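K.L.:
pasted the sequence and its predicted model underneath.
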Amino acid sequence: MPRPSPLEVYAVLDKSNCKECGYDTCMAFATDILERKVSVRDCTHLSLPKQAKNRDKLIKLITPPQKPVVIGTGERAVTIGGEEVLMRHQLTFYNQTAIFIEIADDDADLEETIKYLTDIKLERIGDVLTLDGIALRNVSGDKEQFKLAANKIGEVSNLPIMLCTFNTDNLLYAAEAIKSKKPLLYAATKDSWEQLGTFAVKNNLPVAVFSNDLDELMSVSATLQKLGVKEIVLDSGSFFGPGNLSVTYDNIMQLRSAAIDKEDVNAGWPVMGVPAVYWSQVKIGEDKELWEHKFQEIIMGAIMESIGTSLIILHTGQKKEDIWALLALMTLRQSVFSDPRIYPAVDAGLYKVGEPGEMDPIFVTSNYRMTKIPVEQDLQGANLNCWLLVVDTEGIGIESAVAGGQFNAGGIAEAVKEFNVFDNVKHRVLVIPGMAARLSGALEDEADAFVVVGPRDSSGILKFMESQWKPDEFMKEYESWEK
Ligand code: SF4
């Protein structure tokens, strides 16, 4: 089914333009509900009993073919799936691969490990990257131990929890204790679906279904839906070894394709993968060093991310010495799931680097995120005190924006005025990027400034400062023109 248009959504709203949702018009609301910036609940009129039919129509219209599933509660609850397209370039992906790290319920350092995973924060190009959850495994086989560990995670962490065991009694015993945290129950099989599904319906919890036979997987999914389970995650198994890898990836793609392209309601759920199974499927240490085994697991994680898997569970990454693994996977994920329709931009404005004074330089750059942040980091790395004027180039980098006209003398001069740039200094010198050298003459006229052409690449800024930054001389020259 093609994506609904804003007009189709508008048709089921009551068109009163009452503004109670914060939008001036129902049409504006219709446009943003398709972008998931608002939800059906935000239209106050649709919650009226007489609007129930329209509310149901709207929910049906905007529900993606792969339904979303929410795990956890509160500010770190994570939404997985909910995609409308198979490939990102066809529209965008809305929910990135959630990364869960497994912990054994008999881990001697349980509390320390939970706290470490909860607090991991990596900053990359202005984004703060974090983990999405903890997959607790009932390695002890003991239900009390499993419950204790689940409670401990709930006590010391706000990360979503996935409870993992094929022993349904143990699973439900621990789930009962932390059901208010909305854990994901792993896993229902052809043998355990009824017991697990009944508990999930009663407590409104999401359920993962496991089978390496796709027909069986679809059958359990259908049965759980009939039972009333509202959120399902599909696991067709992750397998290492010759021939197994391609089957693993192929199954994930088949499920995604069945959901999105064929709109098969039984497949229309998030799909998960478990690179952590590496450690139970391969004989460790026989032909490889430990780090080489870790690499194998992380490579599977990377491939799963790249084919749009909704959730992955890792073993490597649990300990501080394995931070490299998370760094790699979270950075890759950041790239794979960025919205191709939006140039990554930052706000235009005048930024301080260090403690700039009245005779410190003003560097000019674009508001393309991948330009502004590296330039700022180079300035900080060079220990400079300076000003950074970020001009709105519609999120386009310097070279393309100069060619396309978004970075031009008039626009820079306007930014100089808008942000009162020269009120902060006792000079009128602007340093523009080397790639924008051709703008210098026009900019001097438009901004009434002395323009210095800086390096082509911001990594050369320190050298530029040492050899070319002479504000007094520049100002003498500027003043001589004024006369
Ligand atoms: S609350 Fe509903 S009816 Fe009112 S403007 Fe928003 S979308 Fe329209």
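P.N.:
That came through fine.
K.L.:
how many residues are close by the nearest residue to residue 120 once chain neighbours are set aside?
P.N.:
Leaving aside its sequence neighbours, residue 120 sits nearest to residue 131 (CB to CB, 6 or more residues apart in numbering; 5.5 Å). C-beta: built from backbone N, CA, C; applies to glycine. Number of residues near residue 131 (other CB atoms under 10 Å) recorded here: 25.
K.L.:
and if you look at the one 3 residues further on?
P.N.:
A count of nearby residues for residue 134, using other CB under 10 Å, gives 26.
K.L.:
ok, residue 281 to residue 239 distance?
P.N.:
Per CB to CB, to the nearest Å, residue 281 is found 7 Å from residue 239.
K.L.:
then residue 140?
P.N.:
On the measure of CB to CB, residue 140 and residue 239 end up 25 Å apart.
K.L.:
and if you look at residue 162?
P.N.:
20 Å.
K.L.:
mind checking which of those two has more residues around it?
P.N.:
Neighbour tally, residue 162 and residue 239, criterion other CB under 10 Å: the higher count belongs to residue 162, 27 against 18.
K.L.:
touching, the more buried one and residue 136? I think so.
P.N.:
Yes - shown here, residue 162 and residue 136 form a contact pair, counting by CB atoms under 8 Å, at 7.0 Å.
K.L.:
tell me the contacts of residue 121?
P.N.:
Residue 121 is in contact with 128-130, counting by CB atoms under 8 Å, 6 or more residues apart in numbering.
K.L.:
got the phi and psi for residue 317?
P.N.:
phi 120, psi -10 (degrees, to the nearest 10).
K.L.:
how far away is it from residue 275?
P.N.:
Per CB to CB, residue 317 is found 10 Å from residue 275.
K.L.:
again, but for residue 436
P.N.:
45 Å.
K.L.:
same check, this time on residue 459
P.N.:
36 Å.
K.L.:
what about stretch 40-51, average pLDDT?
P.N.:
Stretch 40-51 shows a mean pLDDT of 93.
K.L.:
stretch 269-284 now?
P.N.:
On average, the pLDDT along stretch 269-284 is 92.
K.L.:
that one: which residues count as buried?
P.N.:
With burial defined by 16 or more other CB atoms under 10 Å, the residues of stretch 269-284 counted as buried are 269-279, 282.
K.L.:
what's the span of it from first residue to last?
P.N.:
Using CA to CA, to the nearest Å, the end-to-end distance of stretch 269-284 comes to 34 Å.
K.L.:
show me how far that stretch is from its chain's centre.
P.N.:
Its chain's average C-alpha position is 22 Å from that of stretch 269-284, according to CA atoms, centre = their mean, to the nearest Å.
K.L.:
that older thread, now distance to residue 53 and secondary structure too, for the contacts of residue 121, in JSON lines please.
P.N.:
Conversion of the contacts of residue 121 to JSON lines gives the following (distance: CB to CB, whole Å; DSSP: H, G, I helix; E, B strand; the rest coil):
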{"residue": "128", "distance to residue 53": "42", "secondary structure": "strand"}
{"residue": "129", "distance to residue 53": "43", "secondary structure": "strand"}
{"residue": "130", "distance to residue 53": "41", "secondary structure": "coil"}
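K.L.:
from these, which single one is nearest the ligand?
P.N.:
Closest approach between the contacts of residue 121 and the ligand, by CB to the nearest ligand atom: residue 128, at 32.1 Å.
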